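Visitor: here is my input, please return the structure:
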Amino acid sequence: MKIDVAVLALVNYAEKAGLIEKEDKIYSVNRIIEALALDGIEECSVPENVELEEILKAILDYACENGLCEDSVVYRDLFDTKIMGLLTPRPSEVIKKFFSEYEKSPEAATSFYYDFSRKTDYIRDYRIKNDIKWVTKTEYGDIDITVNLSKPEKDPRAIAAALKCKQASTYPKCALCIENEGYAGRVNHPARQNHRIIPLTLGGKNWFMQYSPYVYYNEHCIVFDGEHEPMSVCYENFVKLFDFVKMFPHYFIGSNSDLPISGGSILTHEHFQGGRYTFAMAKAPIETKIAFKGFEDVEAGIVKWPMSVIRLRGDSAERLCELGGKILAKWRGYTDEDAFILAETDGEIHNTITPIARFANGKYEFDLVLRNNITTKDYPDGYYHPHPEYHHIKKENIGLIEVMGLAVLPSRLKTEMSALKDAILMGKDISADETIAKHKDWADMLVKKYDITAENCDEILQKEIGIVFAAILEQCGVFDRTEKGKEQFLKFIASVE
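Guide: Numbering: from 1, shown residues only. Got it, this is the predicted structure:
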């Protein structure tokens, strides 16, 4: 596609997508011409219904060929975001439209905003569709598995350039700060010219909402503090979770824990994650009913789930927050050496909670997942963390999304499972291939367990990866899924009173 055609095709796309009006077209063409260091373009016919990915590829190829952009994924992402930013409405316009739609319904507002984030290419649909996804049936329900391929890995040139960047640069302080809106980015920070955020008031404070550019599940949103404050799990944030649910009852909302090992990767900026999706944990039933003195109006129980989860249900969000705060306060200082639960060692606290709030079946629900981040000599990465025998599948922290039953697995597994399939079917020495040697013991078990053929190998590998993930979640549960573990769990619940 010639550059003249690509420029006009992009402007036509922006008009059809509602990013610009008809009266903005010439202005928008000239903005793009300027960005491409062109004097002008020739009149030409533009094919109908050209995909955005194809249009941007043509523009990026031109930019690389003419010295405007280095030909690597990091630099191309910086450049095409700059181009899309020229066609993205101002924040005030987006906010006005969002709350205009909200007057119709909360669903109308989020549907508009999610669609807008896709049309501006902030959410790159053409990458996300490459993610590998499947479902594994387990005793806990259908577990979602995804191998994330939509987040591009940095190439060596970009990594080298990032090392030369000013290390003192603290603008924006992190990827969640409000200063990212419209920011041009750099090799060690993503471009965000097409990024727009929505202001919210939660717990009387200024918070904001955006969507995740990597969309691990439907309408995956991030809700974050307007100030760059560290993560905290506390009663005040329980209130904020339910303030959000009251605004958007069709969304769930949850928080990672506030301690390393037991939570997500960003601990420096207070944030939640939510969306329009029902995870396996939300579908899991109560297996043991419990009660808390003074909270007879609140339904409570232990959830049938590999991790240790207390579910609260009731008509009053305020009462759930009050009881949740009481449970959290007790758990922070709770020690049971027989269960290997230590509240602190050498002054380091270990107990925290992953909270999840939702409105379901006419009542507010609050899931409190008990977490502990203690390490030992045998488990230096964390005792309630994926154990070494499963690191060949996943070594990373088990955060909010995984807690709820969606495994976000590293992109390396696509290549490794393909090579492992070939090795199994061909009878190759798995240990001789450094790419898949880590999987040898697991593969030997699979060969003994199944009659593996070319037709069923992929299905078996996916099924067994799901089984591994369920086992990892069990390892992250602070109370074992045994009779003794249940007794220890009930002992803690009794201590809350």
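Visitor: which secondary structure elements does the top helix by length along the chain contact?
Guide: The longest helix of the chain (DSSP state H) is helix 457-476. Contact partners of helix 457-476 among helices and strands, from 3 or more Cβ pairs under 8 Å, 6 or more residues apart in numbering; DSSP states H and E: strand 132-138, strand 141-147, helix 400-403, strand 406-409, helix 412-426, helix 440-449. The C-beta positions use only the backbone N, C-alpha and C, and glycine is treated the same way.
Visitor: pick out the residue closest to the middle of the protein.
Guide: Residue closest to the mean C-alpha point of the chain, counted by Cα atoms, centre = their mean, is Tyr216 at 5.4 Å.
Visitor: secondary structure element for it?
Guide: Using DSSP states H and E, Tyr216 sits within no helix or strand.
Visitor: let me see the contact set for it.
Guide: Residues near Tyr216 by Cβ atoms under 8 Å, 6 or more residues apart in numbering: Thr146, Asn148, Ile401, Leu406, Val408.
Visitor: out of the helices and strands packed on helix 457-476, nearest to Phe99?
Guide: Of all these, helix 400-403 sits nearest to Phe99, with 27.4 Å by Cβ to Cβ.
Visitor: low-confidence bits of the protein, can you list those?
Guide: Within the chain, the stretches with pLDDT under 70 are 151-169.
Visitor: if we can go back for a sec, kindly reformat the helices and strands packed on helix 457-476 as JSON lines containing distance to Val73 and mean neighbour count.
Guide: Below are these laid out as JSON lines (distance: least, Cβ to Cβ, whole Å; neighbours: other Cβ atoms under 10 Å):
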{"stretch": "strand 132-138", "distance to Val73": "19", "mean neighbour count": "15"}
{"stretch": "strand 141-147", "distance to Val73": "18", "mean neighbour count": "20"}
{"stretch": "helix 400-403", "distance to Val73": "24", "mean neighbour count": "24"}
{"stretch": "strand 406-409", "distance to Val73": "20", "mean neighbour count": "21"}
{"stretch": "helix 412-426", "distance to Val73": "17", "mean neighbour count": "16"}
{"stretch": "helix 440-449", "distance to Val73": "31", "mean neighbour count": "14"}
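Visitor: can you lay out the ones you listed as JSON lines showing distance to Asn256?
Guide: Shown next, in JSON lines, are these (distance: least, Cβ to Cβ, whole Å):
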{"stretch": "strand 132-138", "distance to Asn256": "22"}
{"stretch": "strand 141-147", "distance to Asn256": "18"}
{"stretch": "helix 400-403", "distance to Asn256": "5"}
{"stretch": "strand 406-409", "distance to Asn256": "13"}
{"stretch": "helix 412-426", "distance to Asn256": "23"}
{"stretch": "helix 440-449", "distance to Asn256": "28"}
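Visitor: so for Ser308, which of these sits nearest?
Guide: Closest approach to Ser308 among those is made by helix 400-403 (10.6 Å; Cβ to Cβ).
Visitor: name the helices or strands packed onto the closest one?
Guide: Against helix 400-403 (3+ Cβ pairs under 8 Å, 6+ apart) you get strand 351-360, helix 457-476.
Visitor: just name the most buried of those.
Guide: Counting by mean count of other Cβ atoms under 10 Å, strand 351-360 has the highest mean neighbour count of the helices and strands packed on helix 400-403, with a mean of 23.
Visitor: report the angle between that one and helix 457-476.
Guide: With axes from the mean of the first three to the mean of the last three Cα atoms, to 10 degrees applied, the angle from strand 351-360 to helix 457-476 works out at 120 degrees.
Visitor: report the distance from strand 351-360 to the chain centre.
Guide: Remark: strand 351-360 is offset 16 Å from the chain centroid, using Cα atoms, centre = their mean, to the nearest Å.
Visitor: direction included, what does whichever helix or strand comes after that strand pair up with?
Guide: Using DSSP H and E, the helix or strand that follows strand 351-360 in sequence is strand 363-372. Partner strands and pairing direction for strand 363-372 (DSSP bridges) are strand 309-314 (antiparallel), strand 351-360 (antiparallel).
Visitor: return the residues in contact with Ala58.
Guide: So Ala58 contacts Met1, Lys2, Ile3, Val5, Ala6 (Cβ under 8 Å, 6+ apart).
Visitor: quick check: which element contains it?
Guide: Taking DSSP H and E as the definition, one finds Ala58 inside helix 52-65.
Visitor: what are the buried residues along that helix?
Guide: Within helix 52-65, the residues that count as buried by 16 or more other Cβ atoms under 10 Å are Leu52, Ile55, Leu56, Lys57, Ala58, Ile59, Leu60, Asp61, Tyr62, Ala63, Cys64.
Visitor: on that earlier part again, which of the contacts of Ala58 sits closest to Lys421?
Guide: For the contacts of Ala58, the nearest to Lys421 is Met1 (37.2 Å; Cβ to Cβ).
Visitor: contacts only, for the closest one.
Guide: Applying Cβ under 8 Å, 6+ apart, we find Met1 in contact with Ala9, Val50, Glu54, Ile55, Ala58.
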